[in-house]
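Q: Quick one: sequence and predicted model below, then my questions.
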Amino acid sequence: FINGSMSSGTSRFIAYELGRNNVEKMNQVFNVSLVCHILIALICFVLAETVGLWFLNTYIQFPADRLLAVNIVYQASIITFIMQITQTPYNASIIAHEKMDVYAYVELLNVFLKLGIVFLLLLGKTDKLILYALLTFIVSLIIALIYRVYCMRHFSECHLKRKIYVDVIKPMLSFSCWDLYGNMAVSFRVQGVTMLLNMFYGPLLNAAN
């Protein structure tokens, strides 16, 4: 939910500076956003590998013989999640520049690659759950690389500089906070229901849901 709030804030500030044709300020906004998302990713990584890992193996229900598969899937999911968090500023730049054709083509590729995962699952002889997690990670990596390479080649502001712009951080965070509560509520409603279903009724109802 923090990531979602920051994404809308980044798009808004880049679009605003784009309208003013202020490339330097656009670069500052992008840099602040990327640094913030890297920090969010690090915090999420630490929480996921401590509290999250403990919660998974203590409270989440799954068959005992699937312990290894569940933990491999969990680790693959964490890496994918971290990668998607740091991807947000690049996606925000594409939206701010209104390059919806690029966004559409890449997302179509994303859908077809995920469809390919289904066929590979039918052909694969290894553990289906582990294979699914690894293939999903690979697809996410490919999509992230395409977005990043495109942004760095076509948008001059999408280059990281080793400098913190304090004057940009405050208004961006202030704007993003308006979205924070709504995004948090949606996250808890969706993910909270998923966890409660698992804790009280098990993975079968999770799958049905």
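A: Yep, that arrived.
Q: Show the residue spans covered by the helices in this protein.
A: Applying DSSP state H to the chain gives helices spanning 2-19, 23-47, 53-58, 67-96, 100-123, 128-154, 166-201, 203-208.
Q: Looking at these, spot the one closest to residue 160.
A: Closest to residue 160 of the helices of the chain is helix 23-47 (CB to CB; 5.8 Å). Every residue, glycine included, has its C-beta placed from N, CA and C.
Q: so how far is residue 140 from the most centrally placed residue in the chain?
A: Nearest residue to the geometric centre of the chain (CA atoms, centre = their mean): residue 84, 2.8 Å. Computed as CB to CB, to the nearest Å, the residue 84 to residue 140 distance reads 7 Å.
Q: Ok, residue 92 next?
A: Here residue 92 is placed at a distance of 18 Å from residue 140 (CB to CB).
Q: Tell me where the model's unsure across this protein.
A: Within the chain, the segments meeting pLDDT under 70 span 3.
Q: what about dumping the CA coordinates of stretch 25-38 to PDB?
A: Coordinates of each C-alpha in stretch 25-38 appear next as PDB, following Å, rounded to 0.1, in the frame of the first residue of the first chain:
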ATOM      1  CA  LYS A  25      13.600  18.700 -11.700                       C
ATOM      2  CA  MET A  26      12.100  15.600 -13.400                       C
ATOM      3  CA  ASN A  27      15.400  13.800 -12.700                       C
ATOM      4  CA  GLN A  28      15.300  14.900  -9.100                       C
ATOM      5  CA  VAL A  29      11.800  13.600  -8.700                       C
ATOM      6  CA  PHE A  30      12.800  10.300 -10.300                       C
ATOM      7  CA  ASN A  31      15.900  10.000  -8.000                       C
ATOM      8  CA  VAL A  32      13.900  10.700  -4.900                       C
ATOM      9  CA  SER A  33      11.200   8.200  -5.900                       C
ATOM     10  CA  LEU A  34      13.800   5.500  -6.700                       C
ATOM     11  CA  VAL A  35      15.600   6.000  -3.400                       C
ATOM     12  CA  CYS A  36      12.300   5.900  -1.500                       C
ATOM     13  CA  HIS A  37      11.300   2.700  -3.200                       C
ATOM     14  CA  ILE A  38      14.700   1.100  -2.600                       C
END
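Q: what's it in contact with?
A: For stretch 25-38, contacts defined as CB atoms under 8 Å, 6 or more residues apart in numbering pick out 3, 6, 9-10, 13-14, 17-18, 85-86, 88-89, 92-93, 156-161, 163-165, 168-169, 172-173.
Q: Having no further points to raise, I will conclude here.
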